[in-house]
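Engineer: Return atomic coordinates for the entry below.
(2 chains)
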Amino acid sequence: GAVVSQHPSWVICKSGTSVKIECRSLDFQATTMFWYRQFPKQSLMLMATSNEGSKATYEQGVEKDKFLINHASLTLSTLTVTSAHPEDSSFYICSARSDLDGYTFGSGTRLTVV
Amino acid sequence: GDSVTQMEGPVTLSEEAFLTINCTYTATGYPSLFWYVQYPGEGLQLLLKATKADDKGSNKGFEATYRKETTSFHLEKGSVQVSDSAVYFCALNLGSNYQLIWGAGTKLIIKP
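Structural biologist: I've put the predicted structure just below:
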């Protein structure tokens, strides 16, 4: 079946630094990729939707300059958390969608900003 | 607007008990309905889905039937195991922009 690889699975960074999270569809081409954020004991919050080769569409309240999304190919999307602060600590999950396989989720990235 | 409502957790059951996690939805069109499961420390996995009314999704002993008349998609399992302990999310998709709309999640704890 379809597999989405998300790296890193966890990262600890210092406040003020930037962190890049990668999301790759391994055996299919993802027409659309989604980035979610999950707070403890809460549901997923959609941050942005990206289509290959075009700018991401951000949800209301999500700072596009802080959460940079690049979807340069049909198999790779990246989320960069710029100038991270402790309140950015969270669990980030990507999802890739294809017409054949529907939605496939990455295993998530636990970001801790200290 | 479109939304998904799940029963609040945590739900705590003994092994081999019958499980029901309620899910109801509000949608302007004809959504596809999904159940996803998140095991501790892991990402989301699709558990089952149904794309039209009266469809029954099933997987790993779990079942859910798309009930248009009650706008529900309740998750059931006849005999739960400790390994079923996880957070379960109900979600819908209307297809227009491929976004999933999520319920809040229900944490399931199965005790031996």
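Engineer: Can you list the low-confidence ranges for chain A?
Structural biologist: For chain A, the stretches flagged by pLDDT under 70 are A:41.
Engineer: Name the residues of it found near chain B, please.
Structural biologist: Counting by C-beta under 8 Å from any C-beta of the partner chain, chain A comes close to chain B at A:6, A:32, A:34, A:41-44, A:46, A:49, A:93, A:95, A:97, A:102-108. The way it works is simple: take the backbone N, C-alpha and C, and place the C-beta from them, glycine included.
Engineer: nearest residue to residue B:10 other than its sequence neighbours?
Structural biologist: Nearest residue to residue B:10, sequence neighbours excluded (C-beta to C-beta, 6 or more residues apart in numbering or on different chains): residue B:107, at 4.1 Å.
Engineer: Quick one: low-confidence residue ranges for chain B.
Structural biologist: Along chain B, segments meeting pLDDT under 70 span B:95-98.
Engineer: now the strands for the chain?
Structural biologist: Since no chain was named, I'll use chain A. Taking DSSP state E, the strands of chain A run over residues A:4-7, A:10-13, A:19-25, A:32-38, A:44-51, A:57-58, A:67-73, A:76-81, A:90-98, A:102-105, A:109-113.
Engineer: Chain B is the one I meant
Structural biologist: Along chain B, the stretches classed as strands by DSSP E are B:3-6, B:11-14, B:19-21, B:23-26, B:32-38, B:44-50, B:56-59, B:62-65, B:75-77, B:86-93, B:100-102, B:106-111.
Engineer: Dump these into CSV; add mean neighbour count as well.
Structural biologist: What follows is those, written out as CSV (neighbours: other C-beta atoms under 10 Å in any protein chain shown):
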stretch, mean neighbour count
strand B:3-6, 18
strand B:11-14, 14
strand B:19-21, 18
strand B:23-26, 19
strand B:32-38, 24
strand B:44-50, 20
strand B:56-59, 15
strand B:62-65, 20
strand B:75-77, 20
strand B:86-93, 24
strand B:100-102, 22
strand B:106-111, 16
